[in-house]
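Asker: A structural model of the following input is requested.
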Amino acid sequence: MLTLAALPWTAALRAPSAPALHSDRGTLDFAALDRAASGVAARLARRGIAARDRVAICCGNGLAFPVLYYGALRAGAVVVLLPTTAPPAALAGTIRRLRVRLVAADTEHAAQARQAVRQAGTGAAQLVLRGDSDADRPARSRGELHLDTLVDHPSTTPHPVDPATPAVILNTSGTTGVPRGALHSHAGLLLNARAVAAEMLHLDERDVQLGALPMPHSFGMSAVLNASVLAGASVALMPRFDPDEALRTIAERRVTVLQGVPTMFSRLVSTRAAQPASQDRTPLPSLRLTVVSGAPLPAGLAAGVHRHLCRHIVERWGMTEVSPLTMREVPEGDGEPGDVGRPLWGVAVRASDSGELEAAAPSMFLGYAGDTVASRAAMHDGFLRTGDLGRVDRDGRVVLTGRLKDLIIRGGNNVAAREVEHVLEGHPAVLEVAVVGLPDPDMGEEVAAALVLEPGTPPGIAGELRRRCAEHLAAHKRPRHWYVLDQLPRTASGKVRKGELRDALLTLEPLEAG
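Answerer: Model (predicted):
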């Protein structure tokens, strides 16, 4: 069976000179990507890395990431993806906990990786991959490689691997909110990539995906990188997301598929809407499909995407442990709140007696690395406890109604934060909103709304939003505290960090209470 390690190799057999990766450093075709991955695998073997050893990668969205990623897989290693936004101390904890043998980094994150290895104190080896910008700085030690050298390495045939073999460990908060490493097999991630490439995106060699999602995370690594290489499509890499730069890249590279989290689409829509009237603000001509995931898609934002970016929107539901689970075509106009569509091939979704959704799929993870207790607790009769509340309608559609850990208990009454957020998202002045519970001596918890507003919104907006809530929500569900922020704290995958937000709100004066 094909493995993740063989993806560049098979793509190079089909179309060696077809572009695989575009970046501001240059373009790699599939043959060059395959040779570079072979070179990394050879170097790791010389460094003593054996099958199932753990190799961590600390890289941004440049050419170094896919080269190191596929190279480590070809060496038989289990790849640990380190989030580059995490401080060295947090990375050091991951290196220790997962017993990482070697940490590979690009030049931008080399110092961060070195500090993390030093703080981990485990003696993990280090490797730095230098790119085109370092052409005048040749590799100076056995701990450095250069991309120009790697692309000249002979291609090697990947070794056969049992499909059930562990391949990648992804950082996740799990369904419990505690940071853990979700361990995935070659087969599971290949089925993930196949579902995305064939069933959801219908990718082929003519397509170009925008690589703006962080590659060290499930969405970017699997739905963008793996799916594209599997289908022979190319990826236009962005070191970091910027709406103006993204729009330029989409136009210059003729990007056809754009996947992202709602925050990315919100910023792209705002940028397009703010362009002078003389410029074309209709949907982008090259885009045939946009896909949103990571957080619910507000109805108002969907309308903006239809108007300014692309007529075709797919919303998908999944998580780091198993993805994708469901998808839906987003209509022009409001759909049912929380509707995330029907399960994909091989996926089963059910609602437990508590209202929590449970899922099983071919792309299911193997468990949390090194934590058998948490792995068992996450499962129920072969189904993953998703942590999402919802229902499965008679026609098979899955509807999300909230998160278990997002329930606010106000005076003994349950308040689903997502229900309140949906009501507030329907107001045109609200760009983003997150609802949390704040400690209250009388009610136990009080409902608080943190808002990101359209520029120029008048100061009396809280009163207007209170009236809107009164029209749509029971009294115990209405926010009593209102805060206006420049932005909401989010993870790299787009989810709001509600614990961090809650702590921040406790230090601020509310805009209005009542």
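Asker: what helix or strand is residue 209 located in?
Answerer: Assignment of secondary structure by DSSP states H and E places residue 209 within strand 208-211.
Asker: how far out from the middle of the chain is that strand?
Answerer: Strand 208-211 sits 14 Å away from the centroid of its parent chain (CA atoms, centre = their mean, to the nearest Å).
Asker: that one packs against which elements?
Answerer: strand 234-237, helix 243-253, strand 257-260 (3 or more CB pairs under 8 Å, 6 or more residues apart in numbering; DSSP states H and E). (Each C-beta comes from the backbone N, C-alpha and C, glycine too.)
Asker: ok, 6 Å please
Answerer: In terms of contacts (3 or more CB pairs under 6 Å, 6 or more residues apart in numbering; DSSP states H and E), strand 208-211 is packed against strand 234-237.
Asker: send over the strand it packs on as CSV, restricted to the C-alpha atoms.
Answerer: The C-alpha trace of strand 234-237 is given here as CSV (Å, rounded to 0.1, in the frame of the first residue of the first chain):
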residue,chain,number,x,y,z
SER,A,234,0.7,22.4,-6.6
VAL,A,235,0.8,24.5,-3.5
ALA,A,236,1.7,28.2,-3.4
LEU,A,237,3.3,28.6,0.0
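Asker: show me what the mean pLDDT comes to for the strand holding residue 209.
Answerer: Mean pLDDT, computed over strand 208-211, is 98.
Asker: check stretch 161-175 too.
Answerer: pLDDT averaged over stretch 161-175 gives 85.
Asker: one more: stretch 27-44?
Answerer: pLDDT averaged over stretch 27-44 gives 97.
Asker: which residues are contacting it?
Answerer: Stretch 27-44 is contacted from outside by 8-9, 11-12, 16-21, 67-68, 70-71, 74-75, 150-151, 153, 155-156, using CB atoms under 6 Å, 6 or more residues apart in numbering.
Asker: and these, which are buried?
Answerer: 8-9, 11-12, 16, 19-21, 67-68, 70-71, 74-75, 150-151, 153, 155 (16 or more other CB atoms under 10 Å).
Asker: so which of the contacts of stretch 27-44 belong to helices?
Answerer: Members of the contacts of stretch 27-44 lying in helices (criterion: DSSP state H): 8, 9, 11, 12, 67, 68, 70, 71, 74, 150.
Asker: worst-scoring helix or strand of this protein, pLDDT-wise?
Answerer: None of the helices or strands of the chain scores lower by mean pLDDT, DSSP states H and E than strand 512-513, at a mean of 52.
Asker: distance of residue 187 relative to residue 366?
Answerer: Using CB to CB, to the nearest Å, one obtains 10 Å as the distance from residue 187 to residue 366.
Asker: higher neighbour count, the two?
Answerer: It is residue 187, of residue 187 and residue 366, that has more neighbours when counted by other CB atoms under 10 Å, with 21 against 17.
Asker: distance of the closest residue to that one other than its chain neighbours relative to residue 199?
Answerer: Among residues not flanking residue 187 along the chain, residue 163 sits closest, at 3.6 Å (CB to CB, 6 or more residues apart in numbering). Between residue 163 and residue 199 the computed distance is 19 Å (CB to CB).
Asker: how about the CA coordinates for the strand holding residue 209, as PDB?
Answerer: Provided in PDB are the C-alpha atoms of strand 208-211 (Å, rounded to 0.1, in the frame of the first residue of the first chain):
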ATOM      1  CA  VAL A 208      -3.100  25.300  -7.300                       C
ATOM      2  CA  GLN A 209      -3.900  25.500  -3.500                       C
ATOM      3  CA  LEU A 210      -2.900  28.400  -1.400                       C
ATOM      4  CA  GLY A 211      -0.600  27.200   1.400                       C
END
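Asker: which stretches of the stretch 301-450 of the chain form helices?
Answerer: Secondary structure of the stretch 301-450 of the chain (DSSP state H, counting those that start in this stretch): helices at 372-377, 417-425.
Asker: can you tell me which of those the model trusts least?
Answerer: helix 417-425 - the lowest mean pLDDT of those, at a mean of 89.
Asker: from the contact counts, what lies against that one?
Answerer: When contacts are defined as 3+ CB pairs under 6 Å, 6+ apart, helix 417-425 sits against strand 430-440.
Asker: tell me the strands beside the strand it packs on, with direction?
Answerer: Strands that pair with strand 430-440, judged by DSSP bridges, come out as strand 444-453 (antiparallel).
Asker: so what touches the strand it pairs with?
Answerer: 408-410, 415, 429-438, 440, 479-485, 501, 505.
Asker: let's see that with 7 Å instead.
Answerer: Strand 444-453 is contacted from outside by 408-411, 415, 420, 424, 429-440, 461, 477-485, 487-488, 501, 505, using CB atoms under 7 Å, 6 or more residues apart in numbering.
Asker: got any ranges where this structure has weak pLDDT?
Answerer: For the chain, the stretches flagged by pLDDT under 70 are 1, 132-142, 173-179, 277-278, 334, 492-493, 512-514.
Asker: distance check, the spatially most distant residue from the centre of it against residue 234.
Answerer: Residue farthest from the centre of the chain, counting by CA atoms, centre = their mean, is residue 442 at 38.9 Å. Distance from residue 442 to residue 234, counting by CB to CB: 58 Å.
Asker: next: residue 258.
Answerer: 14 Å.
Asker: check contacts around the residue lying closest to residue 288 once chain neighbours are set aside.
Answerer: What sits nearest to residue 288 in space, not counting adjacent residues and going by CB to CB, 6+ apart, is residue 256, at 5.1 Å. By CB under 7 Å, 6+ apart, the contact list for residue 256 reads 207, 208, 286, 287, 288.
Asker: what about residue 256, distance to residue 322?
Answerer: Residue 256 is 27 Å from residue 322, by CB to CB.
Asker: pull the number of nearby residues for residue 47.
Answerer: Using other CB under 10 Å: residue 47 sits among 17 other residues.
Asker: again but with residue 417, I slipped
Answerer: Residue 417: 24 neighbours (other CB under 10 Å).
Asker: hmm, it is touching residue 433, no?
Answerer: No - with contact defined as CB atoms under 7 Å, residue 417 does not count as touching residue 433 (9.7 Å).
Asker: now for the nearest residue in space to residue 367 that is not next to it in sequence, how many residues are close by?
Answerer: Of all residues not flanking residue 367 in the chain, residue 375 sits nearest, at 3.4 Å (CB to CB, 6+ apart). By other CB under 10 Å, the residues close to residue 375 number 19.
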